[in-house]
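Enquirer: I'd like to go over a predicted model; first the sequence, then the structure.
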Amino acid sequence: RFEQVTMAPADPILGVSEAFKRDESEKKLNLGVGAYRTEDLQPMVLEVVKKAERKMLESGENKEYLPIEGLAAFNKATAELLLGADNAAIKENRVATIQGLSGTGSLRLGAAFIQRYFPGTTVYISNPTWGNHMNIFNDAGVPWKHYRYFDPKTVGLDFEGMMADIENAPDGSIMLLHGCAHNPTGVDPTPEQWEKIADLIEKKNHMAFFDVAYQGFASGSLDQDASSVRRFVERGMEVLVAQSYSKNLGLYAERIGAINAVVSSADAAARVRSQLKRIARPMYSNPPCHGARIVANVVGDAKMFDEWRAEMQEMAGRIKTVRQRLFDELSSKDKSGKDWSFVLKQIGMFSFTGLNKAQSDNMTNKWHIYMTKDGRISLAGLNLAKCEYLADAIIDSYYN
Ligand code: PLP
Ligand code: TYF
């Protein structure tokens, strides 16, 4: 029976952390997973999270089951953080929000919903994208294809290619869009390009499915980072949006996020909510409460919200500082005249270095620097002290 089971391959991102743990070199550096580290390269729990947890402990909250759709105060807070508290769609009760198991679980609920209610519809995913996107839609039984996104020649957005692929997709397709801080490229459309993308999606009767995993990490402003989603909603377009609090509140292991369906009537929202619950019930019955209460406390309290913003800006600021230092080191060490300014232009947690698989292997095998094989490095796992070493490794790998 079980003898016939074959070994599954290691996950391309989490497998990197496992290989890092096995490396005994003192020089080793883990730039694989997108998880924030302090300047001492230690994991960090936000002060505002600890404060919320103390408050929760003091008020003696119990461990009773949450409803299938999750904590009401969380669902309210998360939709308001996404769309803005005074958004018309919220006021008109046109938003169906269900607490999910972080970004991944929320995407998976959205994918299951698509499989059930829009069967046969193809989801278009950027090339490249976060590796798990493909797994999620595969496992949900949803057909997917790529749309062009990144142009290695300009190290920027292939806007023409992207628009052509959206245009050529059959009417009524679904476009998976990264709300901000595209993973792995760090390249986002400009506001003008977003407007054109929205025009075309509307014209083609497509639907946008936003993945918002880095709200607050792109521009430093929570509102501005949600502007792509809000633009679609303000135009009256229906959207699905998955949210994650892994990165912006550092709640990785709490598995807290949400799936939101912004639809055209309160009546449809109630029906969509009921069906999302029906999908969640046989999968995991109801979601965990701890992270939901933290988010509800922080987002729902003006003072704690400000403290969160300050801590998030500190995280984003540290990443910008190492980004700048890495650029400076690369520029001063590389005598070939190559333009490394793309490192500065990219936003969010990552830098997409342009290193190919063989070069990425050299980074790991020779320099003990762990990264994904697509050439992505997580700047959230880098500190100032290691920038020079990293620049040496990148230049060695690039030119040899
Ligand atoms: N979507 C993108 C683009 C991501 O980069 C990530 C995490 O790295 C996620 C979703 C989901 O992460 P989580 O399930 O921890 O919220
Ligand atoms: O670094 C990234 O892109 C993420 C990290 O369950 C991650 O893939 C790791 C585990 C997980 C979700 C995301």
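Expert: Structure received. Ligands and ions are numbered 1, 2, ... in the order given.
Enquirer: For the stretch 51-200 of the chain, which segments count as helices?
Expert: Taking DSSP state H, counting those that start in this stretch, the helices of the stretch 51-200 of the chain run over residues 72-83, 88-91, 102-117, 132-139, 159-168, 191-203.
Enquirer: in the helix or strand that residue 317 is a member of, what's buried?
Expert: Using DSSP states H and E, residue 317 sits in helix 302-333. Under the neighbour-count criterion of 16 or more other CB atoms under 10 Å, helix 302-333 has 304-305, 307-309, 311-312, 315-316, 318-319, 321-323, 325-331 buried. To be clear about C-beta, it is placed using only N, CA and C from the backbone, and glycine gets the same treatment.
Enquirer: Just the pLDDT for residue 247.
Expert: According to the prediction, residue 247 has pLDDT 96.
Enquirer: now stretch 17-25: mean pLDDT?
Expert: Average pLDDT, stretch 17-25: 92.
Enquirer: List the contacts of the residue of the chain found nearest ligand 2.
Expert: Residue of the chain nearest ligand 2, by CB to the nearest ligand atom: residue 34 (3.2 Å). When contacts are counted by CB atoms under 8 Å, 6 or more residues apart in numbering, residue 34 touches 183, 247, 349-350, 378, 380.
Enquirer: For my notes, confirm it occurs in a strand.
Expert: No - counting by DSSP: H, G, I helix; E, B strand; the rest coil, residue 34 is not found in a strand; it is coil.
Enquirer: Tell me how far it lies from residue 355.
Expert: 17 Å (CB to CB, to the nearest Å).
Enquirer: Domain-wise, how is this protein divided?
Expert: 11-45+305-399, 65-300 (automatic domain parsing).
Enquirer: Can I get those in CSV including distance to residue 51?
Expert: Output for the domains of the chain, formatted as CSV (distance: least, CB to CB, whole Å):
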stretch, distance to residue 51
domain 11-45+305-399, 7
domain 65-300, 8
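Enquirer: which stretch among the ones you listed comes nearest residue 54?
Expert: Among the domains of the chain, the nearest to residue 54 by CB to CB is domain 65-300 (10.2 Å).
Enquirer: and that closest one, how far out from the chain's middle?
Expert: Going by CA atoms, centre = their mean, to the nearest Å, the spacing between the C-alpha centre of domain 65-300 and its chain's C-alpha centre is 10 Å.
Enquirer: which of the domains of the chain is buried the deepest?
Expert: Ranked by mean neighbour count, those are led by domain 65-300 with a mean of 20 (mean count of other CB atoms under 10 Å).
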